[in-house]
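Engineer: kindly generate the corresponding structure for this input.
(chains A and B)
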Protein chains: 2
Amino acid sequence: MKRSERLVAMTHFILDQPRTLISLPYFSEKYGAAKSSISEDLGIINKMFQHEGIGYLETISGAAGGVKYIPVFSEDYSRTFVNQLCDRLEDPERLLPGGYLFMSDILGDPETTRNIGRMFASAFRDKGVDVVMTVATKGIPLAYAVASYLNVPVVIARRDPKISEGSTVSINYVSGSTRKIQTMVLTKRSLQEGSRVCIIDDFMKAGGTINGMRNLLKEFNAELAGIGVLAEAEDEEEDRVVEEYLSLVQIVNADDRRSTIEVRPGNLLENI
Amino acid sequence: MKRSERLVAMTHFILDQPRTLISLPYFSEKYGAAKSSISEDLGIINKMFQHEGIGYLETISGAAGGVKYIPVFSEDYSRTFVNQLCDRLEDPERLLPGGYLFMSDILGDPETTRNIGRMFASAFRDKGVDVVMTVATKGIPLAYAVASYLNVPVVIARRDPKISEGSTVSINYVSGSTRKIQTMVLTKRSLQEGSRVCIIDDFMKAGGTINGMRNLLKEFNAELAGIGVLAEAEDEEEDRVVEEYLSLVQIVNADDRRSTIEVRPGNLLENI
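Structural biologist: Residues are numbered from 1 along each chain as shown, chains lettered A, B, ... in the order given. This is a model prediction of the structure:
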């Protein structure tokens, strides 16, 4: 195999397995090339990944060493993406009764969810995340996108137990927005004790739902590694019950009666 | 930029945008290379994508021409993947009351869902799919994985309307397994008339839920392009209400009292 051909194959192979340690001998055998050539190839790939703003190859030296692809969405791309997202969301036609925003089209677009996943995976890359957690339904595509770049599994809490999932642990929590007592369940065998969990959701007002997930973690003796929400909305009547989180966008002054809305970048951009 | 560097950048760029037409002049400008060089690069990429079993580049000639990456999971990979999946599922510990199977760990693994997505996207690649549809909750990651390789949006039907989604269309359907009348809703503005829809779900017994989605399509004057389910289970007491579908695996003789289960490849492998 020529170097040019090998580079195409290796680029795909590496992109397909983020955060997975791949040893030089493995590449060497797979592509029938000397370790010195593979080493040069990896140098080119690393250089170009950084040039393209999609991350870098981490080199682990020693006998059990190799390379790992760490996806990082560059600051430039992040800013451009978030600003475009703000523009798309800042459309009065999206306003729904109660200050909610129609976002299903954005959440339904795999390319957009992939980019959102890249941004959160970049932001949480040093948090030692073992699992990404969300609650059904709309956060699910985002949770998978994040998990896919962090190369960890997803667990999904539900608002109702289902017969096809086995025994569950359930908690009650107070929804911040409606002040109603709600239930959240998670299948027993889906989360291991001591796991470091990254919570992802699409929308946060007072933060009751996210707080519910946090309480669920305690039941499983799991640790919180980080919280990421696509959109946070201000709500003057509520005290926010969640303090440390990253948001991609912030919805301010959403008023469905006056048909006005303002969407600006969330705090994630400040933390790049 | 050297050819070797350009190949890494182009490979990433193309993989990131399946089924998107990219013109030669675009590449030529982006990477500052002559069209003849780009053309050679694309030849190498096409050859290697086929060699790696991940699809091919379709060339569209003429003034508005260019290349499109069509993801196709090779027959070899498909067989290996499905057989491994059967092995993982064929574990009596997965049996839940009522002949259900615990699959949350498999559905929670982004690499596995990605491969499932690749397989269905390959199978439905010539069906002119405009949209992938599923019903909350467990089919969602699969629907996104398929949609991501087909480069189309996802719409999610729900069993309960939510205030944060706007007006909805709702239908009633009979669940094949429980014979209960159930409701399914879809947000009005999420699906356009005439769309060709691929239905994806995680599990099918009699097919009542899938049939519900099919009825929902009629309400939207949308067309069915194909049906894909991860696992189908035989149920002797039921007549299957869905006939044409592709399944990845087939669960036979699941018996939670005797703790026996057999899982074999579904009909998708016969249709590669």
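Engineer: wondering if stretch A:79-98 reaches chain B at all.
Structural biologist: Yes. Stretch A:79-98 reaches chain B (CB under 8 Å from any CB of the partner chain) through A:96-98. Just so you know, the C-beta spots here come from the backbone N, C-alpha and C atoms, and that holds for glycine as well.
Engineer: cool, stretch A:34-54 as well?
Structural biologist: Yes. Using CB under 8 Å from any CB, stretch A:34-54 reaches chain B at A:44-45, A:47-49, A:51-52, A:54.
Engineer: do you know how far A:Pro97 is from B:Ile70?
Structural biologist: Taking CB to CB, to the nearest Å as the measure, A:Pro97 falls 43 Å from B:Ile70.
Engineer: how about A:Met1?
Structural biologist: For A:Met1, the distance to B:Ile70 - CB to CB - is 23 Å.
Engineer: comparing the two, which residue is more hemmed in?
Structural biologist: When neighbours are counted by other CB atoms under 10 Å in any protein chain shown, A:Met1 and B:Ile70 differ, and B:Ile70 comes out ahead with 19 against 14.
Engineer: circling back: which of the residues of stretch A:79-98 next to chain B sits closest to chain B?
Structural biologist: A:Leu96 (5.3 Å; CB to the nearest CB).
Engineer: the closest one pairs with what?
Structural biologist: Bridge pairing for A:Leu96 (DSSP bridges) gives the partners A:Tyr100.
Engineer: show me how to select, in ChimeraX, the buried members of the residues of stretch A:34-54 next to chain B.
Structural biologist: Here is the ChimeraX command that selects only those of the residues of stretch A:34-54 next to chain B that count as buried (16 or more other CB atoms under 10 Å in any protein chain shown):
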select /A:44,45,47,48,49,52,54
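Engineer: inside helices: which ones of the residues of stretch A:34-54 next to chain B?
Structural biologist: The helices, defined by DSSP state H, take in A:44-45, A:47-49, A:51-52 from those.
Engineer: now tabulate the residues you listed in TSV and tack on pLDDT and distance to A:Val229.
Structural biologist: Below are these laid out as TSV (pLDDT from 0 to 100; distance: CB to CB, whole Å):
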residue	pLDDT	distance to A:Val229
A:Ile44	98	38
A:Ile45	98	33
A:Lys47	98	34
A:Met48	98	32
A:Phe49	98	28
A:His51	97	31
A:Glu52	96	27
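Engineer: between these, which is closest to chain B?
Structural biologist: If you rank those by distance to chain B using CB to the nearest CB, A:Met48 comes first, at 4.0 Å.
Engineer: endpoints of stretch A:231-249, how far apart?
Structural biologist: 5 Å (CA to CA, to the nearest Å).
Engineer: hmm, who's touching that stretch?
Structural biologist: A:82, A:85-86, A:89, A:99, A:101, A:103, A:116, A:119-120, A:123-124, A:176-177, A:202-208, A:210-211, A:214, A:226-230, A:250-252, A:254, A:263-268, A:271 (CB atoms under 8 Å, 6 or more residues apart in numbering or on different chains).
Engineer: you'd agree A:Ile38 is up against A:Gly32?
Structural biologist: No. The pair A:Ile38 and A:Gly32 fails to qualify as a contact (CB atoms under 8 Å) at a distance of 10.2 Å.
Engineer: which of those two has more neighbours?
Structural biologist: Using other CB under 10 Å, the more surrounded residue of A:Ile38 and A:Gly32 is A:Ile38, with 22 against 10.
Engineer: and A:Gly66, what does it touch?
Structural biologist: A:Gly66 sits next to A:21-24, A:26, A:59-60 when contact means CB under 8 Å, 6+ apart.
Engineer: what bridges to it?
Structural biologist: A:Ile60.
Engineer: which other helices and strands does the helix or strand harbouring A:Val146 contact?
Structural biologist: Element membership for A:Val146, per DSSP states H and E: helix A:140-150. The contact analysis (3 or more CB pairs under 8 Å, 6 or more residues apart in numbering or on different chains; DSSP states H and E) places helix A:140-150 against helix A:110-123, strand A:131-135, strand A:154-157, strand A:196-204, strand A:223-233, helix B:110-123, helix B:140-150.
Engineer: how about TSV for those, with mean pLDDT added?
Structural biologist: Output for the helices and strands packed on helix A:140-150, formatted as TSV (pLDDT from 0 to 100):
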stretch	mean pLDDT
helix A:110-123	97
strand A:131-135	97
strand A:154-157	96
strand A:196-204	96
strand A:223-233	97
helix B:110-123	97
helix B:140-150	97
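Engineer: out of those, which gets nearest to A:Met10?
Structural biologist: With CB to CB as the criterion, A:Met10 lies closest to helix B:110-123 of the helices and strands packed on helix A:140-150, at 18.1 Å.
Engineer: and the closest one, which residues are buried?
Structural biologist: B:110, B:112-123.
Engineer: what's the answer for stretch A:172-192, then?
Structural biologist: Applying a neighbour-count criterion of 16+ other CB under 10 Å, one finds A:173, A:175-177, A:184-187, A:190-191 buried in stretch A:172-192.
Engineer: kindly identify which of these also come near chain B.
Structural biologist: Checking the buried residues of stretch A:172-192 against chain B (CB under 8 Å from any CB), the matches are A:187, A:190.
Engineer: under the pLDDT cut-off, which ranges of the stretch 51-200 of chain A? List them.
Structural biologist: A:163-164, A:176-177 (pLDDT under 70).
Engineer: now with 80?
Structural biologist: A:97-100, A:160-166, A:175-179 (pLDDT under 80).
Engineer: sorry, back to before: okay if I get the helices and strands packed on helix A:140-150 as TSV plus distance to B:Val132?
Structural biologist: Shown next, in TSV, are these (distance: least, CB to CB, whole Å):
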stretch	distance to B:Val132
helix A:110-123	9
strand A:131-135	20
strand A:154-157	18
strand A:196-204	19
strand A:223-233	20
helix B:110-123	9
helix B:140-150	4
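Engineer: list buried residues within the contacts of stretch A:231-249.
Structural biologist: Among the contacts of stretch A:231-249, those scoring as buried are A:82, A:85-86, A:89, A:99, A:101, A:103, A:116, A:119-120, A:123-124, A:176-177, A:202-208, A:210-211, A:214, A:226-230, A:250-251, A:254, A:263, A:265-266, A:268 (criterion: 16+ other CB under 10 Å).
Engineer: pull up the residues of the stretch 151-272 of chain A that are close to chain B.
Structural biologist: A:151-156, A:158, A:163-166, A:187, A:189-190, A:203.
Engineer: farthest-separated two in the residues you listed?
Structural biologist: A:Asn151 and A:Ile163 (31.2 Å).
Engineer: please consider this matter closed, and thank you.
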